[in-house]
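Participant: I need the structure of the sequence given here:
(one chain, ligands or ions: 1)
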Amino acid sequence: MIRFEHVTKRYPDGTTAVDDLSFEVAQGELVTLVGPSGCGKTTTMKMVNRLVEPTEGRIFLDGDDIATVDPVQLRRRIGYVIQQVGLFPHKTVLENTATVPHLLGWQRGKGRERAAELLDLVGLDPSVYGDRYPDQLSGGQRQRVGVARALAADPPVLLMDEPFGAVDPVVREHLQSEFLRLQATVRKTVLFVTHDIEEAVRLGDRIAVYGQGRIEQFDAPAAVLGAPATPYVADFVGADRGLKRLSVTPIEVGDLEQPPVLHLDDPLRRAAAKLAEEGARWAVVLDGDDNLHGWISTERAAAGAEDGSVREHARRMEAWLPVGASLKQAFATMLQHDAGWIAVIDEEETGRFLGVLTPARLHEALRRSIDADAQAIPRTEVELETVSPNAV
Ligand SMILES: Nc1ncnc2c1ncn2[C@@H]1O[C@H](COP(=O)(O)OP(=O)(O)OP(=O)(O)O)[C@@H](O)[C@H]1O
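Facilitator: Numbering: from 1, shown residues only. Okay, here's the model as predicted:
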């Protein structure tokens, strides 16, 4: 979709901002450009929409050499989001969002309708925020308007230059999650500039790690973290690679332990006997549809009334995640609920219980992910050790 072929940019003062750059971004792919200040990220991006012209080399968009495309026509195919957002202060949120459809000569009603749809999509209720002016919004809300505006004319390509750079870390994480959800729906081809490796890792399908004017490594996040191509990249991604890798390694079904399982309507006496027989300290409790309800301790099951059912003694389980969530989320959930394990469910299939993740299993999953990359073998072929639930 976007292809750089031996692109160099030298500014008139002699600065070589980008030196012989070649890479390709596939349709629907989100590539993050990450590197220290002044390494040429913004220059790379601005060459795509011809705000900067290359000195040498060629750039293709969907097969067209962009040097041959009228810049105004070109920019209609490209949404652009920048840190300063650049909203018009005297226009309402809705008018700001409808800017590009308006420029494209869409009928006013159609443009506003589209703008309202987009505001909804980025989490701003148009009936609440549509008539406000930019200075009546928080920084995070302004960034969302910036994203909505860039998407309004439905361009296939988005260029995003530190779009979440100006907001505090909490809002930033929130915007990142929302953007990932949005991208899963709209599947744009995205170039995303950031100087934050965490953000690059979290958002990118692939990451381009920049040295001075050059890409040092262009790879999937797990590979950049697990197998940095050069000492420079290793240095840039930092010593706490293991921690960062947590955020790119998903929980897989193979990571889970299978503790004893009971159902809400099971007679308590039978449940207690089963737990004692298996030597387990607790069991997961499911409802009639095999969805997660909570858990019950062996002690509590044994102490209950003779004729009771599991329902009266089970506790709700708040610490759970869908399969595919990151190990980092799993770790955070354990800490948040002070839990020795978390339940993992299959969200796709309406919350069916799949198993539990323990700290030991989390650590194993992390190790396996590192080893698998190091040996360049598919993760599915890595043998799992079995750990009994009683070990928790
Ligand atoms: N108009 C210009 N004239 C001369 N030099 C420029 C110009 N624009 C950028 N540069 C230089 O080109 C190099 C790359 O700049 P660029 O803005 O692409 O870097 P960046 O990686 O985006 O940095 P940052 O993260 O600080 O925005 C820098 O040395 C910068 O000073």
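
Participant: In space, what's closest to G86 - neighbours in sequence excluded?
Facilitator: G146 (7.5 Å; Cβ to Cβ, 6 or more residues apart in numbering). Glycine gets a C-beta too; all of them are placed from N, C-alpha and C.

Participant: Please report how far the residue lying farthest from the centre of the chain lies from the ligand.
Facilitator: The outermost residue of the chain relative to its centre, with distances by Cα atoms, centre = their mean, is E306 at 49.2 Å. Distance of E306 to the ligand, computed by Cβ to the nearest ligand atom, to the nearest Å: 70 Å.

Participant: Mind pulling the model confidence for that residue?
Facilitator: In this prediction, E306 carries a pLDDT score of 72.

Participant: Any buried residues in stretch 127-144, and which?
Facilitator: For stretch 127-144, a neighbour-count test (16 or more other Cβ atoms under 10 Å) marks 129-130, 134, 137, 140-144 as buried.

Participant: Alpha carbons only: can I get it in PDB?
Facilitator: Output in PDB follows, covering the C-alpha atoms of stretch 127-144 (Å, rounded to 0.1, in the frame of the first residue of the first chain):
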ATOM      1  CA  SER A 127     -25.400  15.200  20.900                       C
ATOM      2  CA  VAL A 128     -23.300  16.200  23.900                       C
ATOM      3  CA  TYR A 129     -20.100  17.300  22.300                       C
ATOM      4  CA  GLY A 130     -21.100  18.200  18.700                       C
ATOM      5  CA  ASP A 131     -22.000  21.800  19.400                       C
ATOM      6  CA  ARG A 132     -19.100  22.500  21.700                       C
ATOM      7  CA  TYR A 133     -16.000  24.500  20.700                       C
ATOM      8  CA  PRO A 134     -12.500  23.100  21.000                       C
ATOM      9  CA  ASP A 135     -11.600  25.100  24.100                       C
ATOM     10  CA  GLN A 136     -14.600  23.400  25.900                       C
ATOM     11  CA  LEU A 137     -12.900  20.000  25.600                       C
ATOM     12  CA  SER A 138     -10.200  18.200  27.500                       C
ATOM     13  CA  GLY A 139      -6.900  17.500  25.800                       C
ATOM     14  CA  GLY A 140      -7.900  13.800  25.300                       C
ATOM     15  CA  GLN A 141     -11.200  14.800  23.800                       C
ATOM     16  CA  ARG A 142      -9.500  17.200  21.400                       C
ATOM     17  CA  GLN A 143      -7.200  14.300  20.300                       C
ATOM     18  CA  ARG A 144     -10.300  12.200  19.600                       C
END
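
Participant: any idea how far T92 is from the closest residue to I215 other than its chain neighbours?
Facilitator: Nearest residue to I215, sequence neighbours excluded (Cβ to Cβ, 6+ apart): A208, at 4.8 Å. As judged by Cβ to Cβ, to the nearest Å, A208 and T92 stand 37 Å apart.
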